[in-house]
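Q: what follows is a predicted protein model with its sequence.
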Amino acid sequence: MNLLDLVLLLPLVGFLAGLVLPRASEHLIRVSALVFSLVTFGVSVGLGFGVRAGEQFVTDVPWIRSPNIHYHVSVDGLSVWLIILSTFLTPICVAISWKYIQSRVKEFYAFLLLLELGLVGVFAAQDLFLFYVFWEISLVPMYFLIGIWGHERRIYAAVKFFLYTMAGSMLMLAAIIFLYNRTGTFDYPGLMEMLSSGRLSLSGGEQMLLFLAFFIAFAIKVPLFPLHTWLPDAHVEAPTAGSVMLASVMLKMGCYGLVRFCLPMFPGAARSCAPWIAVLAIIGIIYGALVAMVQPNMKKLVAYSSVSHLGFVVLGIFSFTQIGLDGAVYQMLNHGISTGALFILVGYLYERRHSLFIKDFGGVATPAPWLSAIFLVTTLASIGLPILNNFVGEFMVLQGSAQANYTWTVFAALGVILSACYMLWLYQRVFYGAAGQEVSSHVHDLSAREFAGIIPLVVMMVWMGVYSQSFLPPVSVADGRVLDQTKVNVRFQVKTPALKSQTAEVARVR
Amino acid sequence: MYASLVPTSAEMIRFLPELILTVVATLFMVLDPLLGRQSRHVYGHFSILALLGAMAAAVYVYRDPGAAFSGMLMVDGFATFFRVVVIGVGILTVLPSYRYLDREDAETGEYHALLLFSIVGQCVMVTANELIMIFIGLEISSIASYVLAGYLRDDRRANEAALKYFLLGSFATAFFLYGVALIYGMTGSTNLATVRRAILGGSLGSAPIFIGVAAALMFVGLGFKVSGAPFQIWAPDVYQGAPTPVAAFLSAGPKAAAFAIFLRIFLTAFQPIGPGWEPLVWVSALASMTLGNFAALTQSNIKRLLAYSSIAHAGYVLVALAARSNVGTAAAMFYMAAYAFMNIGAFAVVSHLSGKGERYLKVEDFAGLGAKQPGTAALLSIFLLSLIGVPLTGGFFGKFYIFKAALDSHLVWLTVLGLLNSAVAAYYYLRILVMMYMREPGEAASRIQPLTPGLRAALVLPALGTLVLGIFPGWVLDFAGRSSVFVR
């Protein structure tokens, strides 16, 4: 039992504890959820230090003998920060829901911790089957979070969210079974080894179909244009905590899947699809930004801005450059922090004014100076102001895409400009001007609990913007490995199709 | 020769589960008029005891597997597995029946006797190694279930259900019997292994076409029993009209037994002409899944919804049959066990919620169940998630093994279409979840009675079963894998 197992076990225990605690003692349930999620976060920070020191925290025990399924988990530079992001945001979600969630408190916190388990599991799993299990498990609590505690159209949004993801993951399941029938293993490192040694070689057609099966599942989750239509509904209708977890972590499941599985396992197909995918990503960047600009609803605006930001991530991933990939992974974290913060702040505004419409606000800066100051910092982070986090990620992605194809960069950079437009315009309309009757009577400044919910995120924005070296080195190592794998295979396939027994080393020497 | 016609004691012991059930059921019939109506729960208690005894006997006789009665019965792993499943289905049917029969004021010995007889028939079906025995088992099981479907004599819908079930069922059995006759005419035997040898031997002259015809006729008969498309028409009406515990029973017990003989006949006797019947099963599987799932989307009556869902699930199992492999057989076995748990559990909740006279059967009637009775709602959620196929439930592993077997046999398109089908299916199960948790309590949920001990057991046991099959499927799957070899 190492630290990683503990990070997986604690939310599970918290979930079960939440189930057995009596329904009436709501305060106890909240405290228990907070304690479990904080302890989980504390333990997971240890993972960060460990990975920087080169540790992997591997656990590999058989779960089912036939078919051969293992509980195999480990972390590397790719997954560790995403795990910490999940465990970091969970206690924050507990804190911000403290007052807001008043009905069925027990279920709410139980589902939140179950969601945390699913998310950490997705990032930690090293067995394709286990990955799929966690992938689906994370779906169920989110479905309930949106459907029970959401806004008016919550049921529509919850069902749409579930069905979209389910349809995608069914294709992925078919691909996973296909790989198992070919190789007799679900083990991810084992599969990588087979691929690079040439013991598993997929024909061009097979590789393309498998790639697409995985890719569609992940692209729905990211979401990539034109598969994004579930996202605005789900984000807008979810309760604040749900929106935060959805935008900050769940979308990253898709991005992570692209880097972890699509690229290294099917490099040939990934490379030949890359131009198309990059174009879709760029359309997403510009389209998301333009649609965000005209939204009357703040939450919807932030949701569409996510479509735009995640376009950058996908563009970076499919640039096939070290810096582009590093930037994409870093941008996943940045988006998690800054969009999470935006949703929290919008949630604070909603709790005061009970409206999400921009027209109902105006002049908020007068009654709530702290709230508006923090909102400003977050806005600036989101549009990529230097010394704040998003700048680093976007810069690296654009640099990487420029190395791949300069035209992409020109169009993608438009997205940066547009994001400044819609975010600053939002800020202006909500916070400046004269405070109306409703605003001045209902909107007050942040309470201590609300500060506690948002300050950690602001700190992270500055830290990640100023000193990215705390995070990037392990990411680069992991990305380098992914890139190596894509090169090994491609060269291998192109240059020596006849000599299938050659090892990766030989291919690399060539 | 004649000596072998007298059953040895070992052979009688292999028939022990059926003997136990038959004796108890006959006793019920005799005692019913004598005891009158004073002893309400006695029959239920004794049914459970008899079923537990039969299950223990089924497990016990597996220590010494082999044939019985001149090779007419075959007690092997496969038979034992399905014996345990159908007897288990019986137990899970009796448990919610206590409350149901109390509520409808219809407790008689007859009900339990019929149930036991039906299970006897299914036990015979799954152990039979020979077409005539299969037919006899099929008839015992079917006739008892026709009567059970119309058990509530004064209910119009129940009468309609029984009549429909009986008429269509008789037709289907006749088709099956016609197939048996053709086989006997051509091969001179009804023993599955002998039939197989005759087909392989090629001594049939111009007969192969008739072997095909016989297989097709049996396919019609069995397709009806498992409610696979295009022979599924009866299922929604019968499930809707039959008393809810009976509907639960029909959707699991006879279906499991029918699948058992489906597998045994088609993978033993007709295994040599597999490439011929595979397309038939392929089409039927796809049609069942698609028709069941899409029709279920628009149902407002929960029993009809579950009926269409059961058609779709029959389609999944037919995929396993289309795989024509031992892996496929094992997958089908596992699926039937998982399906029995989750479907009976779901029906038990329906029976609990519907109230006297089964008034509350709309999907809308589940509104607010999550608030009024969180425990019941949570258990139903487990069943529904399992029916959707979410990991860590038996339904997921069942589906996983089936589609794995199908891909193993290169049924790529069937797999992809089947998996997409199960994404469609998620929608109508989610509707029930939406109702339970995301709507304000309606009349049905407000009037719901507390759980009785029988109902609690009828909900908790299948839920445990569903979760155990979902988290530790290894043991059951190993057993199914070892027992799935018909032809060595």
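A: In hand now; what should we look at? Residues are numbered from 1 along each chain as shown, chains lettered A, B, ... in the order given.
Q: hmm, who's touching stretch A:53-71?
A: Applying Cβ atoms under 8 Å, 6 or more residues apart in numbering or on different chains, the contact partners of stretch A:53-71 are A:1-5, A:47, A:50, A:72-76, A:126-127, A:129-130, A:180, A:184-187, B:404, B:472-474, B:477-478, B:481. (C-beta placed from N, C-alpha, C; glycine too.)
Q: next step: these restricted to helices.
A: Of the contacts of stretch A:53-71, the ones assigned to helices by DSSP state H are A:3-5, A:47, A:50, A:129-130, A:180, B:404, B:474, B:477-478, B:481.
Q: now do residue A:415 against chain B, distance only.
A: In this structure, residue A:415 and chain B are 32 Å apart, going by Cβ to the nearest Cβ, to the nearest Å.
Q: helices or strands up against the one helix or strand that residue maps to?
A: Under the criterion of DSSP states H and E, residue A:415 resides in helix A:406-431. Counting contacts by 3 or more Cβ pairs under 8 Å, 6 or more residues apart in numbering or on different chains; DSSP states H and E, helix A:406-431 packs against helix A:267-293, helix A:298-317, helix A:369-383, helix A:389-404.
Q: now find how far off-centre the first one is within its chain.
A: On the basis of Cα atoms, centre = their mean, to the nearest Å, the separation between the geometric centre of helix A:267-293 and that of its chain is 17 Å.
Q: buried residues, it. List them.
A: Across helix A:267-293, burial judged by 16 or more other Cβ atoms under 10 Å in any protein chain shown covers A:267-271, A:273-274, A:277-282, A:284-293.
Q: give the contact list for residue B:72.
A: Residue B:72 is in contact with B:128, B:129, B:130, B:132, B:133, counting by Cβ under 8 Å, 6+ apart.
Q: these two touch, right, the third one and residue B:193?
A: No: assessed by Cβ atoms under 8 Å, residue B:130 is found out of contact with residue B:193, at 9.2 Å.
Q: the more surrounded of those two?
A: Here residue B:130 and residue B:193 are compared on neighbour count by other Cβ atoms under 10 Å in any protein chain shown; more neighbours surround residue B:130, at 23 against 16.
Q: okay, and the beta partners of that one?
A: Beta-bridge pairing for residue B:130 (DSSP bridges): residue B:191.
Q: likewise for residue A:62?
A: Going by DSSP bridges, residue A:62 forms beta bridges with residue A:70.
Q: now do it, the pLDDT please.
A: Here the pLDDT value assigned to residue A:62 is 86.
Q: count the neighbours of it for me.
A: 11.
Q: who wins on neighbours among the contacts of residue B:72?
A: Across the contacts of residue B:72, neighbour numbers were computed from other Cβ under 10 Å; residue B:128 holds the maximum, 26 neighbours.
Q: the strands in the chain, which residues?
A: All of this refers to chain A. Listed in chain order, the strands of chain A (DSSP state E) span residues A:59-64, A:69-73.
Q: if you could check chain B rather than the one you did, that'd help
A: Taking DSSP E, the strands of chain B run over residues B:66-68, B:73-75.
Q: out of the ones you listed, which one sits most buried?
A: Of those, the one with the most neighbours on average (mean count of other Cβ atoms under 10 Å in any protein chain shown) is strand B:73-75, at a mean of 24.
Q: residue ranges in the chain under the pLDDT threshold?
A: I went with chain A, as the question did not name one. Across chain A, the ranges flagged by pLDDT under 70 are A:488-510.
Q: that answer is for a different chain, and I need it for chain B
A: In the prediction, chain B carries residues with pLDDT under 70 at positions B:1-5, B:36-39, B:203-207, B:487-488.
Q: chain A contacts on that one?
A: Counting by Cβ under 8 Å from any Cβ of the partner chain, chain B comes close to chain A at B:371, B:374, B:385, B:388, B:390-392, B:396, B:400, B:403-404, B:407-408, B:412, B:415-416, B:419-420, B:422-423, B:426-427, B:430-431, B:433-434, B:437-438, B:472-474, B:477-478, B:481.
Q: farthest pair in the contacts of residue B:72?
A: The largest separation in the contacts of residue B:72, counting by Cβ to Cβ, is between B:129 and B:132 at 10.5 Å.
Q: where is the longest helix in the chain?
A: I'll assume chain A. Scanning chain A for the helix with the most residues, using DSSP H, yields helix A:322-353.
Q: switch to chain B, that's the one I care about
A: helix B:156-187.
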